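> Okay, predicted coordinates and the sequence, questions at the end:
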Amino acid sequence: MINPFSKLGISDDVVSAVKELGFENPTPIQEQAIPVLLEGSNDFVGLAQTGTGKTAAFGLPLLELIDFRSNKPQALILCPTRELCLQIANDIKNFSKNTPNAHVVAVYGGANIMQQLREIRNGVQIVVATPGRMLDIIGRKAIDFSAVKYVVLDEADEMLNMGFQEDINDILSTTPDDKKTWLFSATMPPEVRRIARNYMENPVELTMGTKNTGNVNIEHEYYVVRARDKYAALKRIVDFNPEIFAVVFCKTKLDTQDVAEHLIKDGYNADSLHGDLSQQQRDKVMQRFRDRNMQLLIATDVAARGIDVNNVTHVINYSLPDEIESYTHRSGRTGRAGKTGISICIVNSKEIGKIRQIEKIIGKQFTKAELPTGFDVCEKQLFALVHKVHNVEVNTDQIDQYIPRIMDEFAELSKEEVIKRFASLEFNRFLDYYSKAPDLNAPADERGERGDRRDRGERGSRSFSNSDYTRLFINVGSVDDFTRGDLLGFVCNNGKISGKTVGKIDLKGVYSFIEVENDTVDALFSNFRDVKFNGREVRIERSGDAPVSNRDGGRREGRRDGGERRSGGYGGDRRGGGSGRREGGNSGGGFRDFSNGRREGRRDGGERRRRS
Ligand code: AMP
C-alpha cells in the first residue's frame with residue numbers, strides 16, 4: 001500500500017522520517033496544503049489553527065523544494081516566539097533526519113548569539129527565526145539571504161499583535177523579490193490581509209476549517225462567578241478534574257505569579273510563566289510542564305504563545321484576554337493533534353457580553369456550565385481514586401515479599417473494610433475541605449443573560465424549570481464513561497423515545513439528570529425495564545425524590561448554617577490551605593464520615609444512593 005504522504009508527493013527519506021514520528025496519515029491541513037506548496041510557484045495564505053499539523057504542512061514541501069547540495073539559506077521561517085521557533089526548528093530537523101546534508105538553524109533571542117552565528121557560518125539551508133534576533137544578525141551582516149526562495153510567516157497575526165510589523169518589513173527587504181511567501185495565521189484581521197496584499201502576488205488561499213473557526217476538537221465552556229470567587233472557582237474546576245493538565249491564562253505577570261503562588265501554597269502542582277522570568281527560568285518551567293512534572297501552568301498571553309505541548313486537557317481563562325482574537329490562540333493550546341480539549345472561561349456577570357463576542361469570532365457556542373458542588377468534587381475524586389487503584393500496575397516481584405506482613409496487618413478486616421479504608425485515605429482529605437464549601441455559581445439574578453440556564457446550543461434553551469419537561473434521575477454518569485450524547489442514546493434506545501423529546505442533560509459522576517417532555521415520561525418508564533449497564537441495574541426516576549447533589553435540591557439547606565464564609569479573593573474557597581491536597585490526613589471513618597458530613601443537606605437522599 002502506498003504511504004499517504006508519498007501519494008501527496010513527499011519523497012521516501014522524508015516519509016520514513018515522519019513515519020518514525022508516528023505520522024500515519026496527513027492531517028486535513030497537510031492534505032490540502034502540501035500539493036499546492038509542492039508546486040513551489042505560488043504565494044500562499046493558509047488560515048489555520050495551531051495544533052493542526054501546520055508545521056509539517058509547510059515543512060515537508062520545503063524539504064522537497066530546497067537544494068541541499070548548496071549550503072546557502074533558501075528558506076526563512078519567521079514566527080512570533082522563541083518557543084515556537086525552537087519547536088518548528090526541531091520538527092523540521094526531525095522531518096529531515098534522513099535527508100543528506102540538511103541543516104536547520106533556530107535563531108531566537110535570549111540565547112547565545114555566538115552559537116547561532118557559528119551554525120549559520122557552517123552552512124544552513126533553513127533558518128527559523130524570531131524577528132528581533134533575525135534583524136540583529138542581519139545587522140551584523142552575518143547572513144546572506146540572496147538565495148532565499150521561500151519565506152514562511154507563521155502565526156502572522158501573533159507577530160503583528162506583538163508589534164513585529166516593521167521588523168518583518170526590514171527582514172523581507174533583504175530577501176530576493178522573486179521569493180515565494182507562505183503566510184499562516186489563525187485569524188485574519190485586516191492587518192494580516194494587508195501583509196498578504198503587500199507581499200504577495202495572487203496568493204493561493206486555503207481556509208483549513210471554517211473561517212475564523214476554532215479547532216473542532218475543542219469544547220468551550222464558561223462559568224459565571226462573583227469576581228471575588230474566581231480563585232475558589234479555579235480550584236474547584238481543578239479538583240473536579242483529577243487528571244487535569246492545563247494552561248491557566250491570566251492578564252498580567254503579577255496575576256500569574258499571584259495565582260501560581262496561591263496554588264502552590266494550597267498544594268497544587270503549579271508554576272508561572274511570564275515575561276519577567278529569565279530565559280533559563282522559562283526553559284525550566286516549560287521543561288517541567290512538557291515532562292508532566294507540573295499539572296498547571298499559569299501564563300500570560302505573551303509567554304504562552306507558541307507553546308506546543310501535546311495532551312493539554314484544559315485551557316482555563318482565569319481572566320479573559322483584552323484582545324478577543326487572543327482567545328483563539330489561548331484555546332489552541334488544547335485539542336492538539338486530533339485530541340479533544342476543553343477551553344474554560346471563568347467570568348463574572350459583566351463579562352458575559354465578551355463571551356458572546358468570542359462566540360462570534362470562533363463561530364461556536366459556549367456551554368454555560370455550573371461549577372460543581374463540593375459534593376460533586378468529593379465523588380469525582382473518590383472514583384478517580386477507585387479507578388486508579390483498579391488499574392495500577394502491580395510490581396509483583398517487589399511487593400510479594402511484603403504481602404504476608406500486609407495480610408497480617410489486615411487480618412481482622414473484611415475485604416469491604418479494607419477497601420473502605422484505602423478509598424478513605426484520599427477521599428477524607430477532600431471531604432474535610434469540601435464538606436462546607438459554598439455554591440460558587442453567581443446567583444441567578446446576577447447572571448443577566450439570555451435564558452438563565454442556556455446550556456449547550458441544541459438542548460440548552462429548555463431549562464429545568466420549564467414545566468413542559470420532567471426532570472429525571474438516572475444512576476449512570478461520567479464514571480461509566482458516558483458522554484451527554486451517549487446518555488441521550490442510551491435513554492432513547494432503552495426507553496424507546498425520540499431524542500427530540502429530550503431536553504437538558506446534566507451529566508454527573510455516578511448519576512445524571514435528564515429532562516424529558518412530560519407527555520413522554522410514562523412511555524419511557526414503561527419501556528425502561530430490566531435495563532442493565534455493565535451488569536448493573538439501571539434505574540430512572542423522577543428527580544423530585546432523588547437524593548442528589550443538584551443545585552436546586554436539598555443541599556443548600558445543608559450549607560446554610562455551616563457554609564464556608566466567602567472571604568473573597570484567594571481566601572474564598574480555602575480551608576486549611578494545602579493540607580487538603582498535600583498531607584491529607586486520614587481521620588479514619590471512611591464512607592461513614594461522608595454521609596454524616598452531608599446528612600442534613602441530603603436528608604432524604606442517603607437511602608436512594610445506597611439502593612443504587
Ligand atoms: P503543529 O500544528 O504543527 O504544531 O502540530 C501539532 C501536533 O500534531 C504536533 O505535535 C505534531 O507532531 C503532530 N502532528 C502533525 N502532523 C501529524 C500527523 N500527520 N499525524 C500525527 N500527528 C501529527
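In hand now; what should we look at? Numbering: from 1, shown residues only.
> Show me where the stretch 201-350 of the chain dips below the pLDDT cut-off.
Within the stretch 201-350 of the chain, the ranges that satisfy pLDDT under 70 run 209-216, 305-306, 337-338.
> got the residue ranges for the strands in it?
Along the stretch 201-350 of the chain, counting by DSSP state E, counting those that start in this stretch, strands occupy 204-207, 218-224, 246-249, 270-273, 296-299, 314-317, 341-347.
> Any idea which of the ones you listed gets closest to the ligand?
For the ligand, the closest of these is strand 341-347, at 12.3 Å, according to C-beta to the nearest ligand atom. C-betas here are computed from N, CA, C, even on glycine.
> strand partners of that closest one, parallel vs antiparallel please.
strand 218-224 (parallel), strand 314-317 (parallel) (DSSP bridges).
> Could you say which of those strands is packed most deeply?
strand 314-317 (a mean of 25; mean count of other C-beta atoms under 10 Å).
> Return the residues in contact with the nearest residue to Val312 once chain neighbours are set aside.
Excluding the flanking residues, the one nearest Val312 by C-beta to C-beta, 6 or more residues apart in numbering is Thr334, at 4.4 Å. With contact taken as C-beta atoms under 8 Å, 6 or more residues apart in numbering, Thr334 is in contact with 218, 246-247, 312-315, 341-343.
> Of the residues you listed, select the buried ones using a PyMOL command.
To isolate the buried members of these in PyMOL, using 16 or more other C-beta atoms under 10 Å:
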select buried, resi 218+246+247+312+313+314+315+341+342+343
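> Which single one of the contacts of Thr334 is nearest to Ile34?
Ile218 (24.3 Å; C-beta to C-beta).
> The closest one and Arg336, how far apart?
9 Å (C-beta to C-beta, to the nearest Å).
> can you check Leu160 too?
Counting by C-beta to C-beta, the gap from Leu160 to Arg336 is 23 Å.
> do the same with Ile406
Taking C-beta to C-beta, one finds Ile406 at 43 Å from Arg336.
> Pull the number of nearby residues for Asn42.
Neighbourhood size, Asn42 [other C-beta atoms under 10 Å]: 16.
> wait, Gln165
For Gln165, using other C-beta under 10 Å, the count is 15.
> and what of the one 3 residues further on?
Each residue near Ile168 was counted by other C-beta under 10 Å, and the total is 20.
> mind listing what it touches?
Here Ile168 is in contact with 78, 131, 153, 159, 195 (C-beta under 8 Å, 6+ apart).
> As PDB, could you dump the C-alpha coordinates of stretch 345-364?
This file holds the C-alpha atoms of stretch 345-364, laid out as PDB (Å, rounded to 0.1, in the frame of the first residue of the first chain):
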ATOM      1  CA  CYS A 345     -13.600  30.900  30.900                       C
ATOM      2  CA  ILE A 346     -14.200  31.900  34.500                       C
ATOM      3  CA  VAL A 347     -16.200  35.200  34.200                       C
ATOM      4  CA  ASN A 348     -18.300  37.500  36.200                       C
ATOM      5  CA  SER A 349     -21.700  38.500  35.100                       C
ATOM      6  CA  LYS A 350     -20.400  41.700  33.500                       C
ATOM      7  CA  GLU A 351     -18.200  39.700  31.200                       C
ATOM      8  CA  ILE A 352     -20.800  37.600  29.600                       C
ATOM      9  CA  GLY A 353     -21.000  40.100  26.700                       C
ATOM     10  CA  LYS A 354     -17.400  39.300  25.900                       C
ATOM     11  CA  ILE A 355     -18.300  35.600  25.700                       C
ATOM     12  CA  ARG A 356     -20.900  36.400  23.100                       C
ATOM     13  CA  GLN A 357     -18.200  38.400  21.100                       C
ATOM     14  CA  ILE A 358     -15.900  35.400  21.300                       C
ATOM     15  CA  GLU A 359     -18.600  33.100  20.100                       C
ATOM     16  CA  LYS A 360     -19.000  35.300  17.000                       C
ATOM     17  CA  ILE A 361     -15.300  35.100  16.300                       C
ATOM     18  CA  ILE A 362     -14.800  31.400  16.800                       C
ATOM     19  CA  GLY A 363     -18.200  30.600  15.200                       C
ATOM     20  CA  LYS A 364     -19.100  28.300  18.100                       C
END
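> Pull out the buried residues from stretch 516-533.
516-517, 520-521, 524, 528, 531.
> what's that stretch in contact with?
467-470, 472, 476, 480, 490-491, 494-498, 501-503, 537-538, 540, 542.
> How confident is the prediction for the residue of the stretch 351-500 of the chain found nearest the ligand, by pLDDT?
Distances between the stretch 351-500 of the chain and the ligand by C-beta to the nearest ligand atom are smallest at Ile362, namely 17.4 Å. You'll see Ile362 listed with a pLDDT of 82.
> do Arg608 as well
For Arg608, pLDDT reads 29.
> same deal with Tyr434?
pLDDT, Tyr434: 77.
> show me the contacts for it.
Applying C-beta under 8 Å, 6+ apart, the residues near Tyr434 are 239, 374-375, 377-378.
> Just give me the longest helix of this structure.
helix 415-434 (DSSP state H).
> Could you save the buried residues of stretch 516-533 as JSON lines and add columns showing secondary structure, distance to Gln116 and pLDDT?
Converted to JSON lines, those look like this (DSSP: H, G, I helix; E, B strand; the rest coil; distance: C-beta to C-beta, whole Å; pLDDT from 0 to 100):
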{"residue": "Val516", "secondary structure": "strand", "distance to Gln116": "65", "pLDDT": "90"}
{"residue": "Glu517", "secondary structure": "strand", "distance to Gln116": "67", "pLDDT": "90"}
{"residue": "Thr520", "secondary structure": "helix", "distance to Gln116": "68", "pLDDT": "92"}
{"residue": "Val521", "secondary structure": "helix", "distance to Gln116": "70", "pLDDT": "92"}
{"residue": "Leu524", "secondary structure": "helix", "distance to Gln116": "68", "pLDDT": "93"}
{"residue": "Phe528", "secondary structure": "coil", "distance to Gln116": "68", "pLDDT": "91"}
{"residue": "Val531", "secondary structure": "coil", "distance to Gln116": "65", "pLDDT": "91"}
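> Looking at these, which is nearest the ligand?
Val531 (39.3 Å).
> Thanks again, I'm all set now.
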